[in-house]
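Enquirer: dropping the sequence and predicted coords here.
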Amino acid sequence: MKKRVVITGLGVVSSVGIGKENFWKSILEGKSGISEVGSFDTKDFAVHNAGEIKDFDPLKYLPKDKISNLGRSSYFGVIAAKLALEDAGLTKEGLDKEATMVCMGTTMGESGILERLNRNFIEKGIDGLDVSLIPNYPCNNLASSIASEFSLEGVNYVIPNACAAGNFAIGYAFDLISNGEADMAFAGGSDGFSRIAFIGFSRMFAVAPERCQPFDKNRKGMMVAEGAGVVLLESLDSAKKRKANIYAEILGYGISSDARHMTAPYSEGIKEAMQSALKESNIDASQVDYISAHGTGTAVNDREECLAVKKVLGDNFKNVPMSSIKSMLGHTMGAASAIEAITCCLVIKDDVLPPTINYETPDPDCDIDCVPNKSRRHKVNIALNNASAFGGNNSCLVLKKITS
């Protein structure tokens, strides 16, 4: 018999706040984390803004000797996991080392390490390479660094499935706990800001010049950003036994790979992931109260996502609010759907919806209720968390309020 799986801890590192309290307060206030890129000179680019986490001191959370051996994505992930553990009311000593797993998603992995090696090689030649950085580059460091921090010996995975990866990681952890193959899990996603991502999306003309405007008729693109989101999962029985605070139950998830285009999302693929998630969760579309949109702010993504939602919800689509926190954070890549899953947990807990900021002009192709510009009280029992990625990968997570 499958176990019911719940979320009892939230950890977030973002450009609008570190920790769930600061993050949620900023999100509900519609605070933007977008600013001019500070980590490198963008004078050769047509765009200059991004969602960097500025004035961030990792020494507040980790000792110097540990940080020196971690890339930015890895220490974001470790810090988010520590925050999730604390939020769950647990300690490192209280974890079962063999029965606690780690599963993290990412898009760029530790590309910042690769950029440092490349810069050293260009400026100083082969003799200038800092070979001590090389072991920090492989993206498995994102999960293994969390396991090392807590001395965990359970299943340890990284799912580098681009911008849908956070949902994939949480879904896989849900499967293992549900099947009795793990007792607890740290699951989520992490991505540090990288020059490679900024260059790539800029060359695709996908980056907006000033701000991100999901679902607006005059939207001009996304914002490259960074961050980490980690949730702590356990069985409902475990959470009840230790009288933990339960944010939400995971009912199921759906994934699809339509493989229609290398970069552009496709409504049929998004629809299949949503319908698969609802079917696994034994939920009818009429029961959905809120959707956390992928909502990147690009013309194609928002149009295709709205079309998919209309296909899934039918005539009821205008009655189900669907907002995008990427309007505030930008696109945190592999961390995005993990941070948005945390957002869904807080929506369910507080019955309040985050806004889609920068919304000015309605688009007939995106005639949904995007919760424009201001947060809103709204009772939420069932929330969906949508995510899409390059290659036609899509994922949808279904979360439910625990009532008694």
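Expert: Received, thanks.
Enquirer: let me see the contact set for K97.
Expert: When contacts are counted by Cβ atoms under 8 Å, 6 or more residues apart in numbering, K97 touches F150, S151, L152, E153, G154. For every residue, glycine as well, the C-beta is placed using N, CA and C.
Enquirer: in strands, which of these appear?
Expert: Judged by DSSP state E, the contacts of K97 include no members of strands.
Enquirer: buried subset of the residues you listed?
Expert: F150, L152, G154 (16 or more other Cβ atoms under 10 Å).
Enquirer: just checking, the second one touches A99?
Expert: To tie it back to what came earlier, the one meant is L152. No. Counting by Cβ atoms under 8 Å, L152 does not reach A99; the two are 9.2 Å apart.
Enquirer: gap between the residue of the chain positioned farthest from its centre and I134?
Expert: Ranked by distance from the centre of the chain (Cα atoms, centre = their mean), the top residue is D127, with 38.5 Å. D127 is 15 Å from I134, where distance means Cβ to Cβ, to the nearest Å.
Enquirer: chain center to the lowest-mean-pLDDT helix or strand in the chain: distance?
Expert: In the chain, the helix or strand scored least confidently by mean pLDDT, DSSP states H and E is helix 64-67, which has a mean of 88. Here helix 64-67 shows a centroid-to-chain-centroid distance of 25 Å under the convention Cα atoms, centre = their mean, to the nearest Å.
Enquirer: in the stretch 201-350 of the chain, where is pLDDT below threshold?
Expert: For the stretch 201-350 of the chain, no stretch has pLDDT under 70.
Enquirer: can you pull out the strands in the stretch 301-404 of the chain?
Expert: Along the stretch 301-404 of the chain, the stretches classed as strands by DSSP state E, counting those that start in this stretch are 322-323, 352-353, 376-377, 382-389, 393-400.
Enquirer: list the residues that contact T107.
Expert: Per Cβ under 8 Å, 6+ apart, neighbours of T107: P160, A162, C163, A165, D191, A197, M333, G334, A389.
Enquirer: can you tell me which of these are in helices?
Expert: A165, A197 (DSSP state H).
Enquirer: quick one on the thing from earlier: turn the buried ones among the contacts of K97 into JSON lines, columns for distance to A293 and pLDDT.
Expert: Output for the buried ones among the contacts of K97, formatted as JSON lines (distance: Cβ to Cβ, whole Å; pLDDT from 0 to 100):
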{"residue": "F150", "distance to A293": "33", "pLDDT": "97"}
{"residue": "L152", "distance to A293": "33", "pLDDT": "98"}
{"residue": "G154", "distance to A293": "33", "pLDDT": "94"}
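Enquirer: let me know the closest of those residues to E29.
Expert: The nearest member of the buried ones among the contacts of K97 to E29, counting by Cβ to Cβ, is F150 at 33.0 Å.
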